[in-house]
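> This is a predicted model, with the sequence first.
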Amino acid sequence: MKEDEIIKGDHRAILDMVAPSSLVLDLGCGGGELLELLTMKKNVRGQGIEIDEQAIYRCVAKGLSVLHGDIDTGLSEYKDKTFDYVILNQSFQQLKHVETVLFDALRVGNKVIVGFPNFAYYRARLRLFFRGRVPITASLPYTWYETPNLHFLSTLDFLDYCRQKSIKVERKVYLAGEKRMRVLPNFFANTGLFLISK
Amino acid sequence: MIKSSSNIVETKYFTFAHSPEEFILESKEKLSPVTIAYEAYGALNKEKSNAVLILHALSGDAHAAGLHKGEDKPGWWDNMIGPARAFDTEKYFIICSNVLGGCRGSTGPGSLNPKTNKPYALDFPLITIGDMVNAQKALIEHLGIDKLLCVIGGSMGGMQVLSWLIKYPDKIRSAIPIATAPKHSPQQIAFDEVGRQAIMADQDWKSGNYYSGKSPNKGLAIARMIGHITYMSDASMAEKFGRQKTNGTEHFKFTADFEVEGYLRYRGDNFVKRFDANSYLYITKAMDNFDASQDRPLHEVLSGKPLKVLVIAFKSDWLYPAYQSKEIVKAFKHAGIGVSFCEVDSTYGHDAFLLETKEETHLISNFLKSVSQKRGRT
C-alpha cells in the first residue's frame, strides 16, 4: 500500500510540472499508469518506451502508444526537440548508460523530468549505520540480490552532477510518500523529482 | 472443436471491371474482368464504422474463419476471429479476401483469359502488392464501406497493410502490420527465388502452360518445403521433431528417415492440392518487388494523419526479423503517428503470427477497443 502512495505522490508532482496539451515521451513507462494520468488530466500526447513485454500489454490495454525497446540503446531515432517533456521516472537509476541517455533525453526534449529514490533518506542512513544492512525503504524496496537499480545516488549527488554538466535545474520536488519535504530534503525525502533543461 | 451451424461460412465473389471497363494495374497493364473471392463475418453496423479488413499471407486465402459446409478444417485464423475472440464478430464486421493473382477464387494466372478462353498462364500481367490493395479497395467500396476501422495482416498481409497506409491513409482509422517488412532483404528474395526456380525446373511446368495436363507438383512442393523451413526456427524444429525417426518400411536409401523430413514432404504434398504453381511465382515476385517507400518516404506520406498503428514482431522470426518491423516503427515515429510496438517473446519463428494467438489476442482486442472508443468520443 505504501508503495502505491509513493507512486501517486510522484505522479502528482509530475502532473504539476507538465503543461497541458504537450508532447511527452515517457522512458521506462511500465504499465503506463503515469502516461494514462497525463493523457486524462493534462490532455498530453504521449509516447512510452518500455522493455517489459507484459507491461507493454498493459499499456496497449490503456490505449496508449508504447514501443517495446531498451532505452539504454539510445534515442538516436528522434530528432532534436521532438518532445516538450521527456520523463525518466524511477527508470533513471536503472539505466546502464545514465549519462548517454540523460543527454539524449535533453536533446530530444525541451525539458526532462527525472525522478529517483534518494539513497541519503534518513531511514536508509539509519539502516546502514545502525544495522549494517543495505537500505530497504519504501522507495528502495528491493533486496540486494533482486534490485533492478544500478545506481545509488542522493538528491545532492544529482544536483552536484547538474552543476558540473551545466544542466539547468528548473524545479525540485522532494517527497516522503505523499508529503512534500522542504526542510533538509536530502535527509527527509525518499524520492527526488527534478525538472531540468539544457 | 465445436461444430455448430452458426460458424458455417461461405466464400463470396465480387466481379468488377467488366468489359469495356478495365482494372488498371500499377504496371499500366489492364485486366478485365477481375473477380475477388472474399468472406465476411459479423455484421456491419449502421454507421458502417466497424469494418476490419484482414489481409492474408502468401499461401492464405479468403477463408479466414469458420467452417465451409461439409468440411472439418476451419479457416486459417479461426482462433482469432469469432465471438469474444481478438476480432470479435459481435462487435466488428470482419472481411478477408483472396489476393489478386491468387488461386483461391480471385483472378490469377490460372483464371480464364476471356480473350483466348484459355487460362492466362504467363500471359497474366505481373502484379504488385499495390494492385492487390487496389482490388481490395474496390471490394470495400462495393460493400458500401467508406472508412475501415482497421487493416491488419501478417507477413505479405503486413505488406498490404503498409500499402494501404501509403495509398489510402484517409480510408483507414488504424493499422496492424505483423511480422513484416517495408521491403524484402536480399535473403528474403533469395529464398523466394529458390522456390521459383524449383517450380520452373519441374518439367511439368512447361513455361507455365500446364493447365491442360500434369501440374508441376514436385517443384511447387519443394518451394513449399523451403518456405516451411524459413517459417520455423531452430528451436521450434528441435522441439517439434528432435532427431526422431519415422518408422517407414520403404527400402530406399533416401527415404524420409527423420520426422522433419516426413513433415516437410507432407506439407509440400498437401500444398500442391490447393495451390497453383504460377500463382506462387506471381505472388512471391510481388513480395520481392514491394518497397513501401518507393515513391516517397513512408513518414512523409503519413505525416499528420490521425492514425493509430500497432506493429507486432516475434523474437525468433529470422525470415522477417524484428529489425524490419522497427524500421516501420521508425517511419511512424517520424510521421508523428501514435504507434505501439511489441516484440513478442516466441520460439515459433515466422509461424508465430499464426500460433501466438494468446499474445496477439491480448494486444489486438485491446487495440481495436481503444481505436473504436476513440471514434465514439470524437
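All right, it came through fine. Small disclaimer: the values here were computed from a predicted structure and weren't measured. Numbers count the residues shown, from 1 in each chain, chains lettered A, B, ... in the order given.
> OK, contacts around residue 106?
In the absence of a named chain, chain A is used. A:Val86, A:Val112, A:Ile167, A:Ile196, A:Ser197, A:Lys198 (C-beta atoms under 8 Å, 6 or more residues apart in numbering or on different chains). Placement of C-beta: from N, CA and C, glycine included.
> that's the wrong chain, I meant chain B
B:Val34, B:Thr35, B:Ile36, B:Ala37, B:Ala62, B:Ser97, B:Asn98, B:Val99, B:Leu100, B:Ala135.
> List the contacts of the first one.
The one in question is B:Val34. B:Thr15, B:Phe16, B:Ala17, B:Phe23, B:Leu100, B:Ser106, B:Thr107, B:Ala135, B:Ala138.
> one more time with 10 Å, if that's ok
B:Val34 sits next to B:14-18, B:21-23, B:25, B:100, B:106-107, B:111, B:131, B:134-135, B:138-139 when contact means C-beta atoms under 10 Å, 6 or more residues apart in numbering or on different chains.
> Among those residues, which lie within strands?
Under the assignment DSSP state E, the contacts of B:Val34 contribute B:Phe14, B:Thr15, B:Phe16, B:Phe23 to strands.
> how about low-confidence regions in the stretch 201-350 of chain B?
B:248-251 (pLDDT under 70).
> can you do 80?
Low-confidence segments of the stretch 201-350 of chain B (pLDDT under 80): B:246-253, B:256, B:295.
> Let me see the ranges of the helices in it.
B:217-231, B:234-241, B:259-274, B:277-289, B:298-302, B:322-335 (DSSP state H, counting those that start in this stretch).
> contacting residues for residue 83?
Chain wasn't specified; assuming chain A. Taking C-beta under 10 Å, 6+ apart, one finds A:22-26, A:44-47, A:75, A:105, A:108-112 in contact with A:Phe83.
> oops, I was thinking of chain B
With contacts defined as C-beta under 10 Å, 6+ apart, B:Pro83 is in contact with B:Ser6, B:Asn7, B:Tyr41, B:Gly42, B:Thr89, B:Glu90, B:Lys91.
> Return the member of those residues nearest to B:Tyr320.
B:Tyr41 (26.7 Å; C-beta to C-beta).
> Test my guess that that closest one contacts B:Gly75.
Yes - counting by C-beta atoms under 10 Å, B:Gly75 is a contact partner of B:Tyr41 at 9.0 Å.
> Between the two, tell me which one has more neighbours.
B:Gly75 (25 against 22; other C-beta atoms under 10 Å in any protein chain shown).
> host element of that one?
Of the helices and strands defined by DSSP states H and E, none includes B:Gly75.
> one step back: which of the contacts of B:Val34 count as buried?
Among the contacts of B:Val34, those buried by neighbour count (16 or more other C-beta atoms under 10 Å in any protein chain shown) are B:14, B:16-17, B:23, B:25, B:100, B:106-107, B:111, B:131, B:134-135, B:138-139.
> Distance to B:Gln203 and pLDDT added to those residues, as a markdown table?
Listed next are these as a markdown table, based on distance: C-beta to C-beta, whole Å; pLDDT from 0 to 100:
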| residue | distance to B:Gln203 | pLDDT |
| --- | --- | --- |
| B:Phe14 | 37 | 98 |
| B:Phe16 | 38 | 98 |
| B:Ala17 | 36 | 97 |
| B:Phe23 | 34 | 98 |
| B:Leu25 | 31 | 98 |
| B:Leu100 | 29 | 98 |
| B:Ser106 | 28 | 98 |
| B:Thr107 | 28 | 98 |
| B:Ser111 | 24 | 98 |
| B:Asp131 | 31 | 98 |
| B:Asn134 | 36 | 98 |
| B:Ala135 | 33 | 98 |
| B:Ala138 | 38 | 98 |
| B:Leu139 | 38 | 98 |
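> mind listing which of those are in helices?
In helices, judged by DSSP state H, the following of the buried ones among the contacts of B:Val34 are found: B:Asp131, B:Asn134, B:Ala135, B:Ala138, B:Leu139.
> Could you find the closest non-adjacent residue to the first one?
Translated: B:Asp131. Excluding the flanking residues, the one nearest B:Asp131 by C-beta to C-beta, 6 or more residues apart in numbering or on different chains is B:Leu25, at 4.9 Å.
> OK, contacts around the residue of chain A found nearest chain B?
Across chain A, the shortest distance to chain B (C-beta to the nearest C-beta) belongs to A:Gly63, at 3.1 Å. Residues counted as contacts of A:Gly63 (C-beta under 10 Å, 6+ apart) are A:32, A:36, A:39, B:308, B:338, B:340, B:366-367, B:369-371, B:373-374.
> Restricted to helices, list those.
Going by DSSP H, the helices hold A:Glu36, A:Thr39, B:Asn366, B:Phe367, B:Lys369, B:Ser370, B:Val371, B:Gln373, B:Lys374 from the contacts of A:Gly63.
> between those residues, which is closest to B:Ala313?
Among those, and counting by C-beta to C-beta, the member closest to B:Ala313 is B:Phe367, at 15.0 Å.
> Quick check: the closest one touching B:Cys150?
Yes - assessed by C-beta under 10 Å, B:Phe367 is found in contact with B:Cys150 at 8.1 Å.
> Give the intersection of the neighbour lists for these two.
B:Ser174, B:Ile176, B:Lys308, B:Val309, B:Leu310.
> can you list the residues you listed in TSV and add distance to chain A?
Shown next, in TSV, are those (distance: C-beta to the nearest C-beta, whole Å):
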residue	distance to chain A
B:Ser174	11
B:Ile176	11
B:Lys308	8
B:Val309	9
B:Leu310	7
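> Need the max-distance pair from those.
Farthest-apart pair in the shared contacts of B:Phe367 and B:Cys150 is B:Ile176 and B:Lys308; separation 9.5 Å (C-beta to C-beta).
> higher neighbour count, the two?
Each of B:Ile176 and B:Lys308 has its neighbours counted (other C-beta under 10 Å); B:Ile176 has more, 27 against 23.
> Do me a favour and get the backbone dihedrals for the more buried one.
phi -130, psi 90 (degrees, to the nearest 10).
> from the helices of the stretch 201-350 of chain B, which stretch is densest packed?
helix B:277-289 (a mean of 23; mean count of other C-beta atoms under 10 Å in any protein chain shown).
> That helix packs against which elements?
helix B:129-142, helix B:156-167, helix B:186-201, helix B:217-231 (3 or more C-beta pairs under 10 Å, 6 or more residues apart in numbering or on different chains; DSSP states H and E).
> List the contacts of the residue nearest to B:Asp131.
B:Leu31, B:Val34, B:Leu100, B:Pro125, B:Leu126, B:Ile127, B:Thr128, B:Gly130, B:Asp131, B:Asn134, B:Ala135.
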